[in-house]
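Student: Next one to model:
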Amino acid sequence: MELVNSIAEEYAATYSFEEDELLQAINLYTTSTHEHAHMFSGHVQGSFLTLLSGLLQPEKILEIGTFTGYSALCLAKGLKTGGLLHTIELREEDAAIAKSYFEQSVNKDKIKLHVGNANQIIPTLNEQWDMVFIDANKTGYIDYYELILPSVKQNGIIIADNVLFHGQVLDKNISGKNAKAIQAFNEHIKNDTRVRQVLLTVRDGLMLIQKL
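Tutor: Take a look at the predicted model:
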């Protein structure tokens, strides 16, 4: 299912602030060569992440799912002086690609890349998070959420990507383990009195969750 009209998406990109040269390079590389290019955040979503991070000016950001590094670089732009972004990637090949781009960034000293299983790595990060971006395996979303929520500061923001999952959650009879997992996550957040949330129809769906 096409959730966002391609013409509208192109129009939105035209009227969103431009990517810098490094983001353009990652965009071109990922969309033209990566076998999982559909996982890429993209210009409009990246601009949204940069804008939101800039408004919040977080001191500590956690990203679960680095991919090729685009979203981490977008989020890092909003870090306050002395701030740090921790990003976790399971796939060593993608982590290596992301690292090569991080090393070219003016924010390279603000990004700490971890390679491995997020469920094992997160408990070792003794941090309190101002902002969290979840964009990893969909069947793990609830576990990630419950794992990180106690370490999210009051009024901190969690952003979950792909919460419309290619429109499959809109089907009357949801099939496929990933779509079912995302639907379960959305219901989990809806019924969680510890937070309030809004689901945005940006790209493949973004859930903004504020810890109360």
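Student: Remind me what the lengthiest strand in the chain packs against, helices and strands.
Tutor: As assigned by DSSP state E, the longest strand anywhere in the chain is strand 152-161. Contact partners of strand 152-161 among helices and strands, from 3 or more CB pairs under 8 Å, 6 or more residues apart in numbering; DSSP states H and E: helix 43-56, strand 129-134, helix 141-148, strand 206-211. C-betas here are computed from N, CA, C, even on glycine.
Student: Can you lay out these as TSV showing mean neighbour count and mean pLDDT?
Tutor: Converted to TSV, the helices and strands packed on strand 152-161 look like this (neighbours: other CB atoms under 10 Å; pLDDT from 0 to 100):
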stretch	mean neighbour count	mean pLDDT
helix 43-56	20	97
strand 129-134	24	98
helix 141-148	18	98
strand 206-211	20	98
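Student: what's the closest of those to residue 84?
Tutor: Nearest to residue 84, of all the helices and strands packed on strand 152-161, is strand 129-134, at 10.6 Å by CB to CB.
Student: Alpha carbons of that closest one, in PDB - could you do that?
Tutor: Taking C-alpha atoms only, strand 129-134 is exported to PDB below (Å, rounded to 0.1, in the frame of the first residue of the first chain):
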ATOM      1  CA  TRP A 129      17.600   9.700  28.100                       C
ATOM      2  CA  ASP A 130      16.100  12.900  26.900                       C
ATOM      3  CA  MET A 131      15.200  11.400  23.500                       C
ATOM      4  CA  VAL A 132      15.000   7.900  22.100                       C
ATOM      5  CA  PHE A 133      14.500   6.800  18.500                       C
ATOM      6  CA  ILE A 134      13.400   3.200  18.000                       C
END
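Student: tell me the angle that strand makes with helix 43-56.
Tutor: 170 degrees (axes from the mean of the first three to the mean of the last three CA atoms, to 10 degrees).
Student: before we move on, back to that, give me the angle between the longest strand of the chain and helix 43-56.
Tutor: For strand 152-161 against helix 43-56, the angle by the same axes, to 10 degrees is 170 degrees.
Student: From the centre of this structure outward, give me the first residue you hit.
Tutor: residue 133 (4.0 Å; CA atoms, centre = their mean).
Student: what are the bridge partners for that one, then?
Tutor: residue 63, residue 159 (DSSP bridges).
Student: residue contacts, it?
Tutor: Applying CB atoms under 8 Å, 6 or more residues apart in numbering to residue 133 gives the contacts 49, 61, 62, 63, 64, 65, 71, 75, 158, 159, 161.
Student: Looking at these, spot the one nearest residue 210.
Tutor: residue 158 (8.0 Å).
Student: My guess is that closest one contacts residue 151. True?
Tutor: No - taking contacts as CB atoms under 8 Å, residue 158 lies outside contact range of residue 151: 10.9 Å.
Student: who has more neighbours, those two?
Tutor: residue 158 (23 against 17; other CB atoms under 10 Å).
Student: I'd like the helices and strands packed on strand 152-161 as CSV, with distance to residue 114 appended.
Tutor: Putting the helices and strands packed on strand 152-161 into CSV (distance: least, CB to CB, whole Å) gives the following:
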stretch, distance to residue 114
helix 43-56, 19
strand 129-134, 14
helix 141-148, 14
strand 206-211, 22
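Student: how about these, which one is nearest residue 189?
Tutor: Closest to residue 189 of the helices and strands packed on strand 152-161 is strand 206-211 (CB to CB; 6.0 Å).
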